[in-house]
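> below: sequence and its predicted model.
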Amino acid sequence: MTGEEWEIIALSLKVSGVAVLATMPLAFGLAWLLARGRFPGKVLIDALVHLPLVLPPVVTGWLLLIAFGANGPAGRWLADWFGVTLMFRWTGAALAAAVMALPLMVRAMRLSIEAVDRRLEGAARTLGASPLRVFLSITLPLATPGLLAGAVLGFARSIGEFGATITFVSNIPGETRTIPLAIYGALQIPGNETVVTRLAIIAVLLSLGALLASEILARRAGYGKGGHVL
Amino acid sequence: MTGEEWEIIALSLKVSGVAVLATMPLAFGLAWLLARGRFPGKVLIDALVHLPLVLPPVVTGWLLLIAFGANGPAGRWLADWFGVTLMFRWTGAALAAAVMALPLMVRAMRLSIEAVDRRLEGAARTLGASPLRVFLSITLPLATPGLLAGAVLGFARSIGEFGATITFVSNIPGETRTIPLAIYGALQIPGNETVVTRLAIIAVLLSLGALLASEILARRAGYGKGGHVL
Amino acid sequence: LLALAPARVAARGPLVLAAASLQEAMTDAADVWAARRHEKPVLSFAGSSALARQIEAGAPADLFVSADEEWMDYVAGKGLIRPGSRAPFLSNRLVLIAPAGSRANLTIGRGFPLARALGTGRLAMADPDAVPAGKYGAAALTSLGVWDGVKGKVARAENVRAALALVERGEAPFGIVYATDAAASRKVRIVGTFPPRSHPPITYPIALLKTSTNRDAEAFRRFLLSREGKAIFARRGFAVR
Amino acid sequence: MSFEIAVERRLGDAHIALSLTSAAGLTALFGPSGAGKSSVLNMVAGLLRPDRGRIAVAGETLFDSAARIDLPPDRRRAGYVFQDGRLFPHRCVRDNLLYGWRLAAPDHRWMTLDEAVAFLGIGHLLERWPRTLSGGEAQRVAIGRALLSGPRFLLMDEPLASLDAPRREEIMRVIERVRDELALPILYVSHDRAEVERLASTIVTLEPARVG
Amino acid sequence: MSFEIAVERRLGDAHIALSLTSAAGLTALFGPSGAGKSSVLNMVAGLLRPDRGRIAVAGETLFDSAARIDLPPDRRRAGYVFQDGRLFPHRCVRDNLLYGWRLAAPDHRWMTLDEAVAFLGIGHLLERWPRTLSGGEAQRVAIGRALLSGPRFLLMDEPLASLDAPRREEIMRVIERVRDELALPILYVSHDRAEVERLASTIVTLEPARVG
Ligand SMILES: Nc1ncnc2c1ncn2[C@@H]1O[C@H](COP(=O)(O)OP(=O)(O)OP(=O)(O)O)[C@@H](O)[C@H]1O
Ligand SMILES: Nc1ncnc2c1ncn2[C@@H]1O[C@H](COP(=O)(O)OP(=O)(O)OP(=O)(O)O)[C@@H](O)[C@H]1O
Ligand SMILES: [Mg+2]
Ligand SMILES: [Mg+2]
C-alpha cells in the first residue's frame, strides 16, 4: 500500500470517527424525543431526520453547500462566530457524513428506547432519581443495543459516504478525499480495478472492525440476553 | 406536474415498493440468524449484509453489473432458468434498491428480535407450539416495531437510491429513471433548480407517507407501550 | 493558528478544480510542474456541475477546468472568474465503440444503420440531456439523421466512464464515448470516429477564479496552456488547440 | 407412578439434584428460596436440559440422558403455570387463553374456555391486554391458559401466590377435581404449608446445594 | 396520623376509590384481586396520578388535586417494594441494592448494605445479574433495595409472597422493628390473613367497583 493510500485511510477514519462520535448525543436526543415525546410537530421532526435517507446524496450535498458554504447563512455564521470553515475541509466531510448517518443512528436508538420497560424508570424515580438521572442511569444503559447498532450503522454509512461529500466539499487530497472519493477517482481510469478493489476491501475491513468492536461491547453489556433460556 | 413526472413518481413507487416487500422475508430471516444464530461464519454474514452500506454506491452498482448483467454469472442463471432479465429493466432498479436497503432493514429487525423476551417463546413451546409456530406467532409479532422501522428505513432508502441504480441499470425513462435519477439529470443543467426542488419535495412526501403509515400501524400494534406508566 | 493560516495557503500549490475526465492527464501535468521546484498543485476532480456549484458557494479555489462551456458560462455569469483569464484549453473527439470481441462493422456517416446494428441491444452513452459527452453524442447522431431511430434504445449513464463500463461488460453492443476514454480501455474497440463537424466543438475551458489568492495560480494556468503543458494532455489522447 | 425424576443440573454456583418417585395425585415440591424448585419444573417441561438423569411422567419417558431421549417441550404436553405469569403481551386475554387450546388435538382437550373463565372469574377480562391486568388477574389467566392446552400433566409454580382467599379456595377446588376426576399428575411448588398439606399426596423437599 | 388518603381514579372500566386515615404503625390494604391495591400504592408513590383527591403521609402532603400539589416520585421518599420485583436488569445485585442508597442524603439512610444483606440472606448473590435469580431471591433483593434508599415510609405489595417460612419469619421481624423502632409508616398489601393480623395496626379493605 502506498503512503497516499495510508493517508486516505487515516482521513476516512478521522472523518467517520468524528462524524459518529459528534452525532451520538444529538442522535440519542432525537431518538428519545421521537420515542417518548408527544407534541404536535413530531412527525415533521421525524421526516426531517429521514430526509438525508430519502434525497439523493447529491441533493443533500447541494443543500449543505447552500447552507454551510462560505456564502451560506449557516456557513457565514460559523465563520463569524467560531472561525470555523467547512468548505473544502475535512470538517465539512465529517458534517456530510454525520448528516447522512443521522437517520440510521436515530432509528436504531429509537427502537431500543421504545423497548425499554418504563416501569423500571418508575422504580428508579421512587428510589430518589431525578428524571435526568433516570435517563442517564436507566434509559441510556438499557438502550445500549440501539446505541451500539446506531454507532455501527453510522460508522459504516460514513465510511461509504460519497455523493454528499464530493458535492459539498469536493475531492481534495488529504482534506476531503476519503476512501469512496478515492475509489471514484480510481474508477475514472479504465483498467484500474485493482486499486478499486484494494480500497474497497480496506473500507470493508474498517467497517468489519467497527462491527466486531460493537459485538464485543454488546456481549460485555449482555446482561439481558444469552444465559439460560427458560 | 407534467405527465413525465407522474411516470417518474409511479416508477419510483413501484421500484421501492417491490424492493421493500420482496426483501422483507430475506431481511427478517437474516436478522433472525444474526440475532439468534451461533455459528462460526456469523460475523462474515454480518459484514456481507453491511457491505452495501460501506461501499460507495457506484461500486455496489458495478458489482451488481458484474454479477447480474446479461453476461454475469447470476444474470445468466436468472435468464436461463427463469427468463428474468434485470439489465436496463425496472426489476434491476428494484434489485439495486433492495440491496442498498437490506442492511438498514436487517439491523432494525435484528434489534427488535434481540429485544424479544425468550421466556415467552419457551412458554409457547410448553403450550404445544412447534419452533416454526413459535416464530410465527410469538417472535415475529413481538418484533413488529423492528419490522415497521425496517420497512420505513428500507423504503426511504429505496426512494433515495441513486448511485447503484444508475451504474447498474443506467437511466432509462419509464424503465429505470426513478426520482433520484431524474433529480440528478436536472441538477446537471444549470438553472434547473426548480425541477430539482419539486422532485425532491415529492420524494420527501412519499417517504413521509410511508412514515405516517408505519406510525399508524405501530400504534395499532402498540400493546407493549403507552397506556399506563407505572 | 489564525496567524499560520495564510502562510499555509501560500506554501501550498494552487487549488485546481477539474472535470473528473481530466484526472490522469492533469495529474501528469501537476507532477511535471512540481518537478520544476514549484509547490505541487492541489487537484480536486469531480463532475463539472458539482465544481461549478462549489465555486458559486464561495469555495476558495484558484483554477477551474470545466468539461464543457455551459458550466464555465454559469460561473462566469455569476462574475466568479477573473476577467480575461478564460481560455479554451483542450478538445476531444467522439467515438463509437463496441466490446473488444465484437465483430460489428459500421461506417459512421449520414443515415448509417446504427439502429439496425443495435437490434434489441442498447446504445450506452452519457445522459444526452445532462452530461456534456451525451449532449455531443446526441447532437452528432441528430446531424447524421440517426437519432430518432436510436433515442429509444439509449442507456443513459451517469458519466462517460459508466457508459464505457457497460460496453466493456458487453451489456451494451455499442457506446459513444470520448476518444480518450476509448483509448484507455483494452476491453473496447473503436468502431469509428464521429466527424468533428457533426457536433458542436468539444472544449474544456480553463479560467482563473475570482477568489484565487495563490500566487502560483496564474503561472500554472499559463503552463497548462503552453505548448509543453498541452503536450502532456495530447499524450493522454486529448486534442489540443 | 406419576413422576419419576432423577436429575442433576448445575446453574452457576448452584447444583440442583433431585430424585423422586411419586404415587398418583399431586406431588408438592417444597424447599427454601433458591433451592431449585423452578429449575426442576423447567427440566420436566423441557425448557432446561438436565446435565444428566431421567424424567418420566405417567410412565412415558420425556428425558433420558443415557438413552439419548429428549422430547421437545411442545411434545411433552405439560400444562405449566409459571412463577412469573409469562402471558403473551401481544395477544388479548382471550387469545392467551386459547393459544394452547387451539394447538391441542381435540380429543386431548378436557376443558372449555367457558368453564375456565367461569371458575377463574375472568369473564370481564377477555378483551383486555395483559399489561393492563392486576397481579392476581394475570395469575388467573396464566392458570387458565395452562389448563386449556389439554395437558397430560400439570406443573404449577406457586400458582396461588397473589390471590385472595376466596379465589384461592375456588381454584384449589378445581385443582382437586383435576387431580381426582381426571387423575392428572401434578407437580406443585408452594411455600404455603396449609395449601400443600391439603392438596398433596406426596411432599418432596428440595435441599439447596451450592458448589464449592 | 401515618396515612391520610382520599383518592379516586378511573383505570379502564375499573373505578378505584379509597378513603383512609390510619394511626401510626402498619396499615394493611386488603381486598380481592383487581380491587385496586397496587394502583393505590402507585398513587401514593407518585407513579399514578389520581383523578382527584389528597394524599398525605406522616403529616406531609404529597398530592392534593385541590391545592395543585403533586410531589414528583423522587421527592416523596417512598420505599416501594413492587409486586413484580422490577430489579434493574443491567445492574448486578449489589448495584441494584445501592441504587437508592447512593441517591439518599446520608442522614436519611437508616440501614447499611451489610445489615440488609445479612437479614435477607443474599450475601452470595451480590455479584449476580438479576435475570439469574430465583423468584424468592429477586423478591428479597427488591426488599433490600427499597429499605436501603432511606425512605420516610414504606409501600409493600405482597413482599413475602414467594418466600419460604423461615425467610418470611425473618423479614417479618425486620418489618416489625422498622415499624416500632423507626416508627416508619408502612402501607402493606397482602392476601395472607395471618401475616396481616400479626403486622397491622390498621386493616383497610378495598372493595372492587366497576364502572357501568
Ligand atoms: N443463570 C444462572 N446463573 C447462576 N445461578 C443461577 C442461574 N439460574 C438460576 N440460578 C440459581 O439456581 C438456583 C435455583 O433457582 P430456582 O429458580 O430453581 O430456585 P427456586 O427453588 O425456584 O427458588 P424460589 O422459591 O425463590 O423461586 C438459585 O440459587 C439461582 O440463584
Ligand atoms: N390500563 C388499564 N386499563 C384497564 N384496566 C386497568 C388498567 N390498569 C389496571 N386496570 C384494572 O384496574 C384494577 C386495579 O388493578 P390493581 O393492579 O390495582 O389491582 P390489585 O388490587 O393490585 O389486584 P391484585 O391483588 O390482583 O394485584 C384491575 O381490575 C385492573 O384490571
Ligand atoms: Mg422459583
Ligand atoms: Mg396488585
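Sure, I can see it. Numbering: from 1, shown residues only, chains lettered A, B, ... in the order given. Ligands and ions are numbered 1, 2, ... in the order given.
> now do the SS call for whichever residue of chain D sits closest to chain A.
Of all residues in chain D, D:Leu47 sits closest to chain A, at 5.3 Å by Cβ to the nearest Cβ. Where C-beta positions appear, they are placed from N, C-alpha and C, glycine not excepted. For D:Leu47, the assignment made with DSSP: H, G, I helix; E, B strand; the rest coil gives coil.
> I'd say it and B:Glu121 touch.
No - with contact defined as Cβ atoms under 8 Å, D:Leu47 and B:Glu121 do not form a contacting pair (9.7 Å).
> just give me how far the longest helix anywhere in chain A sits from the chain centre.
Longest helix of chain A, by residue count under DSSP state H: helix A:3-36. Relative to its chain's centre, helix A:3-36 lies at 4 Å (Cα atoms, centre = their mean, to the nearest Å).
> ditto for stretch D:75-87
Taking mean C-alpha positions (Cα atoms, centre = their mean), stretch D:75-87 and its chain are 6 Å apart.
> just stretch C:81-88 next, same as before
Counting by Cα atoms, centre = their mean, stretch C:81-88 comes out at 18 Å from the chain centroid.
> where in chain C is pLDDT low?
By pLDDT under 70, the weakly predicted segments of chain C are C:1-11, C:241.
> now the helices for chain A?
A:3-36, A:42-54, A:57-68, A:73-82, A:90-115, A:118-126, A:131-134, A:140-142, A:144-160, A:163-169, A:179-187, A:193-220.
> average model confidence for the shortest one?
Going back to what we said before, that points to helix A:140-142. Taken as a whole, helix A:140-142 has a mean pLDDT of 94.
> what about that helix, near chain B?
No - Helix A:140-142 lies apart from chain B when judged by Cβ under 8 Å from any Cβ of the partner chain; the minimum separation is 10.1 Å.
> packing partners of that helix?
Using 3 or more Cβ pairs under 8 Å, 6 or more residues apart in numbering or on different chains; DSSP states H and E, no helix or strand is in contact with helix A:140-142.
> got it, and the first one?
Using 3+ Cβ pairs under 8 Å, 6+ apart as the contact test, the elements touching helix A:3-36 are helix A:42-54, helix A:90-115, helix A:144-160, helix A:179-187, helix A:193-220.
> kindly report the same for the third one.
Here helix A:57-68 touches helix A:73-82, helix A:90-115, helix A:163-169, helix B:179-187, helix B:193-220, helix C:48-56, going by 3+ Cβ pairs under 8 Å, 6+ apart.
> swap in 7 Å and give it another go.
helix A:73-82, helix A:90-115, helix A:163-169, helix B:179-187, helix C:48-56 (3 or more Cβ pairs under 7 Å, 6 or more residues apart in numbering or on different chains; DSSP states H and E).
> check which helices and strands the first one sits against.
Put plainly, it is helix A:73-82. If contacts are counted by 3+ Cβ pairs under 7 Å, 6+ apart, helix A:73-82 sits against helix A:57-68.
> with the longest one instead?
Identification of packing neighbours for helix A:90-115 by 3+ Cβ pairs under 7 Å, 6+ apart yields helix A:3-36, helix A:42-54, helix A:57-68, helix A:144-160, helix A:163-169, helix B:90-115, helix B:144-160.
> in the chain, which ranges drop under the pLDDT threshold?
This is for chain A. Using pLDDT under 70, the flagged stretches of chain A are A:1, A:222-230.
> um, chain D though
Along chain D, segments meeting pLDDT under 70 span D:211-212.
> what helix or strand does C:Ala29 sit in?
Using DSSP states H and E, C:Ala29 maps to helix C:23-35.
> buried ones in that helix, by neighbour count?
C:23-27, C:29-30, C:33 (16 or more other Cβ atoms under 10 Å in any protein chain shown).
> tell me the secondary structure for D:Ile55?
Reduced to three states by three-state DSSP, D:Ile55 is strand.
> that one: neighbour count?
Using other Cβ atoms under 10 Å in any protein chain shown, the number of residues around D:Ile55 comes to 25.
> state the distance from it to D:Ser22.
Distance check for D:Ile55 against D:Ser22: by Cβ to Cβ, to the nearest Å, it reads 12 Å.
> within its sheet, name the partner strands of whichever helix or strand comes after the helix holding C:Ala29 and how each one runs.
The helix or strand immediately downstream of helix C:23-35 is strand C:42-46, counting by DSSP H and E. Paired strands of strand C:42-46, with direction, are strand C:15-19 (parallel) (DSSP bridges).
> let's see the partner strand as PDB, backbone CA atoms only.
The C-alpha trace of strand C:15-19 is given here as PDB (Å, rounded to 0.1, in the frame of the first residue of the first chain):
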ATOM      1  CA  LEU C  15      -6.100  24.500  -5.900                       C
ATOM      2  CA  VAL C  16      -7.400  23.300  -9.200                       C
ATOM      3  CA  LEU C  17     -11.000  22.200  -9.700                       C
ATOM      4  CA  ALA C  18     -11.000  20.000 -12.700                       C
ATOM      5  CA  ALA C  19     -13.600  17.800 -14.500                       C
END
